[in-house]
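Quick one: sequence plus predicted model below, questions after.
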Amino acid sequence: MHHFLQLHPRQLRLSGCTLVVIGCAILVIGCPLLLGVRDVRSHNLQLARVADSLYGLALPPNTIELHRTAYVASFGGSGDACDYVAEQTLQTSLSRSAILTYYQASLSPATTPYGRGIARPDAAQYYRIRIDGLLSNLIVPTEQLANGMMVFTLQLTDGRDDAGFDIRCL
């Protein structure tokens, strides 16, 4: 019985056709995988540049950061492009008008943020500002809280880069 489990060296040789099939399978599976890794790395570098542009801004006086996030997504319906979003939620004791002046904001026709969106418990207005030459959203509540504090959000988006093999952009 023991001899059935032993292979003869002649049985281990693979034919040329078998080697070609194995080589093709490796190429078919390996190339998209390598391209995907390349595209993910490239998109992560671009996302880091967008996030650094936002997070590197000097904060207005009497303002602290509450939260920050950055992500790669696709806002187009076809899934053939990548968009990069960095968001920063800040709290300040400055007035609403002082924040708008600080960021040189202009009223935007937008009523919702890009991407995943920002959950706001209060009514907000959307303003356009420029950060490193990119159009960005400044989202501020329509009224300041009774305690004088205000929470607002900056949202910087860039993109429409080729999605390549990055599944986050599908």
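The structure has been received and is ready for your questions.

what ranges do the strands span in this structure?
Using DSSP state E, the strands of the chain run over residues 63-73, 81-92, 106-107, 124-131, 134-141, 150-162.

Any idea how many residues pack against I99?
When neighbours are counted by other CB atoms under 10 Å, I99 registers 20. C-beta: built from backbone N, CA, C; applies to glycine.

what do you get for the one 5 residues further on?
Neighbours of Q104 under the rule other CB under 10 Å: 11.

Give me the distance between it and Q88.
17 Å (CB to CB, to the nearest Å).

swap in A73?
For A73, the distance to Q88 - CB to CB - is 17 Å.

ok, these two, which is more surrounded?
Q88 (20 against 17).

Quick one, grab the pLDDT at that one.
Listed pLDDT for Q88 reads 94.

hang on, it packs against I139?
No. When contacts are counted by CB atoms under 8 Å, Q88 is not listed as touching I139 (10.7 Å).

Next, show the common contact partners of the two.
Here Q88 and I139 have 153-155 as joint contacts, going by CB atoms under 8 Å, 6 or more residues apart in numbering.

what's the straight distance from one end of stretch 91-98 to the other?
13 Å (CA to CA, to the nearest Å).

typed the wrong thing, it's stretch 140-155
Terminal-residue distance, stretch 140-155 (CA to CA): 11 Å.

what mean pLDDT would you report for it?
For stretch 140-155, mean pLDDT is 87.

And the contacts of it?
Contact with stretch 140-155 is made by 54, 57, 66, 85-96, 99-100, 103, 113-115, 118, 120, 122-125, 127, 129, 131, 136-139, as judged by CB under 8 Å, 6+ apart.

Stretch 45-54 too?
By CB under 8 Å, 6+ apart, stretch 45-54 touches 68, 70-72, 82, 84-88, 131-132, 134, 136, 154, 156-159, 161.

could you dump that stretch to CSV, C-alpha only?
What follows is stretch 45-54 as a C-alpha-only set of coordinates in CSV (Å, rounded to 0.1, in the frame of the first residue of the first chain):
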residue,chain,number,x,y,z
LEU,A,45,-0.1,59.6,-2.4
GLN,A,46,-2.6,61.9,-4.1
LEU,A,47,-5.0,61.6,-1.2
ALA,A,48,-2.1,62.5,1.2
ARG,A,49,-1.3,65.6,-0.8
VAL,A,50,-5.0,66.7,-0.7
ALA,A,51,-5.2,66.0,3.1
ASP,A,52,-1.9,67.8,3.8
SER,A,53,-3.2,70.9,1.9
LEU,A,54,-6.2,71.0,4.2
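
Point out where this protein drops to low pLDDT.
Low-confidence segments of the chain (pLDDT under 70): 1-16, 19, 23-38, 76-79, 108-121, 160-163, 165, 167.
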